[in-house]
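Visitor: For reference, the sequence and a predicted model appear below.
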Amino acid sequence: MHDHHLNDETYAALLAALPHVKPDRFTGMLEPHCFAEVLGEAGGIWPESVLPDQTREAGEEAA
């Protein structure tokens, strides 16, 4: 795993948002998708799986 450095504003937004993660309304548990939404909305950090297939394939070919 590689280190990723965020600008201070994004880092602060994530620190502010993460304590407010709410459990899944169906399971009552803190599920991965609960954190993924905060990471995406507050920090612009999204998994490659949300990319359209063509964009994801182009990234895999470049790697």
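Guide: All right, it came through fine.
Visitor: Need the residue closest to the centroid of the protein.
Guide: L39 (3.5 Å; Cα atoms, centre = their mean).
Visitor: Next up, identify which helix or strand that one is on.
Guide: helix 32-43 (DSSP states H and E).
Visitor: Tell me where the model's unsure across this structure.
Guide: Within the chain, the ranges that satisfy pLDDT under 70 run 54-63.
Visitor: before we move on, back to that, quick one: buried residues of the helix holding L39?
Guide: By neighbour count with 16 or more other Cβ atoms under 10 Å, helix 32-43 contains the buried residues 36, 38-39, 42-43. Every C-beta, even on glycine, is put in place using the N, C-alpha and C of the backbone.
Visitor: Now do that helix: distance to the chain's middle.
Guide: Mean C-alpha position of helix 32-43 versus that of the full chain (Cα atoms, centre = their mean, to the nearest Å) differs by 4 Å.
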